[in-house]
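In: Mind folding the following:
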Amino acid sequence: MDIPKLTGRQIKYIRSMLDLSQSELAAKVGVSQPTVYRMEMDAAREYESIAVMRIKSLADENHLLVPAHEAFSGRP
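Out: The predicted structure is shown next:
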């Protein structure tokens, strides 16, 4: 099983597009609100965990296309 990687910026994008608070997202993926906060604050870091797999699944279930990290930073 491949666990997807998401950056903090992508996690924040998914959360905002799903109109969830950090607490709501945390509850849905089984982590604490401070964990979601820390992940979002380190915007460029790539995360790979079961929680990230669940966040990606939420995005997929809602037909949300998540831009590549580079699309947020404006770099090619």
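In: tell me which element residue 38 is part of?
Out: helix 33-41 (DSSP states H and E).
In: Just the residues contacting that helix, thanks.
Out: 8, 9, 11, 12, 15, 22, 23, 25, 26, 45, 47, 51 (C-beta atoms under 8 Å, 6 or more residues apart in numbering). For every residue, glycine as well, the C-beta is placed using N, CA and C.
In: Can you give the distance of the helix or strand that that helix is followed by from its chain's centre?
Out: In the C-terminal direction, the helix or strand that comes right after helix 33-41 (DSSP H and E) is strand 46-47. Relative to the centre of its chain, strand 46-47 is centred 9 Å away, using C-alpha atoms, centre = their mean, to the nearest Å.
In: again, but for stretch 26-38
Out: Distance, centroid of stretch 26-38 to centroid of chain: 10 Å (C-alpha atoms, centre = their mean).
In: What mean pLDDT does that stretch get?
Out: If you average the pLDDT over stretch 26-38, you get 97.
In: list the buried ones in the helix holding residue 38?
Out: Of the residues in helix 33-41, 35, 36, 39, 40 count as buried by neighbour count, 16 or more other C-beta atoms under 10 Å.
In: of all those residues, which comes closest to residue 2?
Out: Nearest to residue 2, judged by C-beta to C-beta, of the buried residues of helix 33-41 is residue 39 at 19.3 Å.
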